[in-house]
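Participant: build the 3D model from these lines:
(chains A and B)
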Amino acid sequence: AQKVTQAQTEISVVEKEDVTLDCVYETRDTTYYLFWYKQPPSGELVFLIRRNSFDEQNEISGRYSWNFQKSTSSFNFTITASQVVDSAVYFCALGGATNKLIFGTGTLLAVQP
Amino acid sequence: EAGVVQSPRYKIIEKKQPVAFWCNPISGHNTLYWYRQNLGQGPELLIRYENEEAVDDSQLPKDRFSAERLKGVDSTLKIQPAELGDSAVYLCASSTNPQKLFFGSGTQLSVL
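Facilitator: Next up is the predicted model:
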């Protein structure tokens, strides 16, 4: 069975702090994809990143970085120097052979000024 | 380029009433998805279309839910009759690449 676990329900940080959102996944597929989406209060899910199971290189995009480790089935997301605009619910998701995305329960990030 | 458009944004109905949601995907996107997001949870797939064909509706409660995508563009999702437990946000998404979905802002349904 496929499953995504985001153990952190809520995180509160002060602006300019770094914050890491954890994601652990389970799958039997040998080829799969991992995603992060941001859901601001407006409700729309905004695509942030997709990684495939064969590419374990870490990725950095501006203040965002992602650490993919197959050995621990984790795909963690770090925001460096957080800003108030980063406040949102962040979802990790898993896609596989069925072309269906399995989402975690989300982590609510509150960045205080 | 316009994103995925959904309407209405909010809907409040009494239980046992019918309700319908509409979705206009991004132009050229052949794949369309309907997801349901319960409060405090991640979205869960209800149905996926490839053009006008429903290729995965295993999670759709077929006794009360129905969906259609005539002409392979716009789609409607209907609930009849609605129950209290149907209160949720209904999200539509579209894609050309099955691994990159673009979501609409959703319809927030409240069943009283």
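
Participant: who does the one residue in chain A that gets nearest to chain B bridge with?
Facilitator: Closest residue of chain A to chain B, Cβ to the nearest Cβ: residue A:103 (2.9 Å). For glycine as for every other residue, the C-beta is placed from the backbone atoms N, C-alpha and C. Assessed by DSSP bridges, residue A:103 has beta-bridge partners residue A:93.

Participant: how far away is it from residue B:31?
Facilitator: Look at residue A:103 and residue B:31: by Cβ to Cβ, to the nearest Å, they are 17 Å apart.

Participant: out of the two, which sits in the more crowded spot?
Facilitator: Shown here are residue A:103 and residue B:31; by other Cβ atoms under 10 Å in any protein chain shown, residue A:103 has more neighbours (21 against 18).

Participant: check the gap between that one and residue B:37 for me.
Facilitator: On the measure of Cβ to Cβ, residue A:103 and residue B:37 end up 8 Å apart.

Participant: next, the residue in chain B positioned nearest to chain A: secondary structure please.
Facilitator: Closest approach of chain B to chain A (Cβ to the nearest Cβ) occurs at residue B:42, with a separation of 2.9 Å. Under DSSP: H, G, I helix; E, B strand; the rest coil, residue B:42 falls in the coil class.

Participant: contacts only, for the residue nearest to it when sequence neighbours are not counted.
Facilitator: Leaving aside its sequence neighbours, residue B:42 sits nearest to residue A:103 (Cβ to Cβ, 6 or more residues apart in numbering or on different chains; 2.9 Å). Listed by Cβ atoms under 8 Å, 6 or more residues apart in numbering or on different chains, the contact partners of residue A:103 are A:4, A:37, A:91, A:92, A:93, B:42, B:43, B:44.

Participant: excluding sequence neighbours, find me the nearest residue to residue A:82.
Facilitator: residue A:111 (4.8 Å).

Participant: one step back: and the residue nearest to residue B:42, how close does it get to residue B:53?
Facilitator: 24 Å.

Participant: any idea where the strands of chain A begin and end?
Facilitator: Remark: strands assigned in chain A by DSSP state E are A:3-5, A:10-14, A:19-21, A:24-26, A:33-39, A:46-52, A:59-61, A:64-69, A:74-79, A:88-95, A:101-103, A:107-112.

Participant: and these, which one is worst for confidence?
Facilitator: Mean pLDDT values for the strands of chain A show the minimum at strand A:59-61, a mean of 86.

Participant: now that one, how far from the chain's geometric center?
Facilitator: Centroid displacement of strand A:59-61 relative to its chain, using Cα atoms, centre = their mean, to the nearest Å, is 13 Å.

Participant: ends of stretch B:90-105, what's the gap?
Facilitator: End-to-end distance for stretch B:90-105, by Cα to Cα, to the nearest Å: 9 Å.

Participant: for stretch A:59-76, that is, sorry about that
Facilitator: One end of stretch A:59-76 to the other measures 11 Å (Cα to Cα).

Participant: quick revisit: so the residue of chain B closest to chain A touches residue A:94, yeah?
Facilitator: No: the pair residue B:42 / residue A:94 is not scored as a contact, 10.6 Å apart, by Cβ atoms under 8 Å.

Participant: gap between the closest residue to residue A:70 other than its chain neighbours and residue A:106?
Facilitator: Among residues not flanking residue A:70 along the chain, residue A:56 sits closest, at 6.0 Å (Cβ to Cβ, 6+ apart). Separation of residue A:56 from residue A:106 (Cβ to Cβ) stands at 24 Å.
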